[in-house]
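Student: Predicted model and sequence follow; I will ask about them next.
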Amino acid sequence: MTARDTVSSAEAMIEADGLTKYYGDFIAIENVSFRVPRGEIVAFLGPNGAGKSTTMKILTGYLAPTSGSARIAGHDMSTDRLAGAERLGYLPENGPLYPDMTPRSLLEFFADARGLSGERKKARIEAVVKQCELGSVIGKAIGKLSKGYRQRVGMAQVLLHEPDVLILDEPTSGLDPNQIREVRETIRRLGQSKTILLSTHILQEVEALADRVILIAEGRVRFDGPPAELRRDGRSLDERFQELTRSA
Ligand code: ADP
């Protein structure tokens, strides 16, 4: 290992190292590697079925890779998952929400599960309710809220334990344009202090939010760099997306 490798691995908050995952004999992702340094907002872009959720589930320790390793803030998510999870907030696609609970009871439940108690628990719930602007719906059943509010409840839950790394699976999917703008605004604000990997199949999301884009298609990384580089040679993002996601 060179000195430079040592430095970059110390700075990396999210690391995928040669990740491969088979479902039965179907290979969903193959040799996926990237590193996200502290403070970056990275869009994980790709068409449906490209392998984004699979990669994110491995990074968050919900799924074991067939081979390769995943690290969050230096913690291997196969062998040291709890330490990694302390640093991580994961919003799965469609969020793990409970329709009969209210945002308040859900946040209390997850605060307890995270081991928060007393004044700290109260302060953290108050902080995320404010951060995600949930005050007006705090006592309503989650199942009765709009998709936009449900997504905000999911974000509030993810932020409870003050993680410094966020992994968000399609955070704007199914929202209307106003809700999309609000969620992007929240992500941008969070990005000032946190490292964020968010998946999307929407090109505009990349332009609107990301410092860097990792494009995946058919389970392989096809591009990793700044959005401006993706658009190079005067071609539109749309044209490059088509070119890079075409079957190999
Ligand atoms: P994305 O999030 O980019 O839409 P996924 O990671 O969900 O992609 O899926 C990648 C590929 O793996 C797809 O072809 C999908 O059908 C397949 N896949 C995902 N989950 C499973 C599973 N549990 N069993 C079998 N195949 C799966």
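Tutor: Looks like it came in fine.

Student: Look up the pLDDT of residue 202 for me, please.
Tutor: In this model, residue 202 is scored at 86, pLDDT.

Student: Following the chain past the one helix or strand in the chain whose mean pLDDT sits lowest, name the next helix or strand.
Tutor: When the helices and strands of the chain are scored by mean pLDDT, DSSP states H and E, helix 3-11 comes last with a mean of 50. Following helix 3-11 in sequence order, the next helix or strand is strand 12-23 (DSSP states H and E).

Student: Mean confidence (pLDDT) on the helix or strand that comes right after that following strand, please.
Tutor: Moving toward the C-terminus from strand 12-23, the next helix or strand (DSSP H and E) is strand 26-37. The pLDDT scores in strand 26-37 average 97.

Student: tilt between the following helix or strand past strand 26-37 and strand 12-23?
Tutor: As assigned by DSSP H and E, the chain's next helix or strand after strand 26-37 is strand 41-45. Orientation of strand 41-45 against strand 12-23 (axes from the mean of the first three to the mean of the last three CA atoms, to 10 degrees) gives an angle of 20 degrees.

Student: Identify the residue nearest residue 221 in space, chain neighbours excluded?
Tutor: residue 32 (5.7 Å; CB to CB, 6 or more residues apart in numbering). (C-beta placed from N, C-alpha, C; glycine too.)

Student: list the contacts for the one you found?
Tutor: 16, 18-20, 51, 55, 68, 216, 219-221 (CB atoms under 8 Å, 6 or more residues apart in numbering).

Student: Swap in 10 Å and give it another go.
Tutor: Residues in contact with residue 32 (CB atoms under 10 Å, 6 or more residues apart in numbering) are 16-21, 51, 54-55, 58-59, 65, 68, 70, 214, 216, 219-221.

Student: Quick check: residues of this protein near the ligand?
Tutor: 23, 26, 28, 46, 48-54 (CB under 6 Å from any ligand atom).

Student: Give the residue spans of this structure that score low on pLDDT.
Tutor: Scanning the chain with the threshold set as pLDDT under 70 gives 1-10, 95-96, 233, 248.

Student: residue ranges of the strands in the protein, please?
Tutor: 12-23, 26-37, 41-45, 67-72, 75-76, 88-91, 165-169, 195-200, 212-217, 220-225 (DSSP state E).

Student: Packing partners of the first one?
Tutor: Applying 3 or more CB pairs under 10 Å, 6 or more residues apart in numbering; DSSP states H and E, we find strand 12-23 packed against helix 3-11, strand 26-37, helix 52-59, strand 67-72, strand 75-76, strand 165-169, strand 195-200.

Student: What would the fourth one look like as PDB? C-alpha coordinates only.
Tutor: Coordinates of the C-alpha atoms in strand 67-72 are reproduced here as PDB (Å, rounded to 0.1, in the frame of the first residue of the first chain):
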ATOM      1  CA  SER A  67     -17.400 -11.300  -2.600                       C
ATOM      2  CA  GLY A  68     -15.700  -8.000  -1.900                       C
ATOM      3  CA  SER A  69     -16.100  -5.700   1.100                       C
ATOM      4  CA  ALA A  70     -18.000  -2.600   2.200                       C
ATOM      5  CA  ARG A  71     -16.900  -0.100   4.700                       C
ATOM      6  CA  ILE A  72     -18.600   2.800   6.400                       C
END
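
Student: ok so, going back, how about the strands of the chain, which one is nearest residue 155?
Tutor: With CB to CB as the measure, strand 88-91 is the member of those nearest residue 155 (6.4 Å).

Student: what helices or strands is the closest one leaning on?
Tutor: helix 52-59, helix 147-159, strand 165-169, strand 195-200.

Student: Give the partner strands of it in its sheet and their orientations.
Tutor: If you go by DSSP bridges, strand 88-91 pairs up with strand 165-169 (parallel).

Student: gap between the partner strand and the chain center?
Tutor: 2 Å (CA atoms, centre = their mean, to the nearest Å).

Student: Brilliant, that's me finished.
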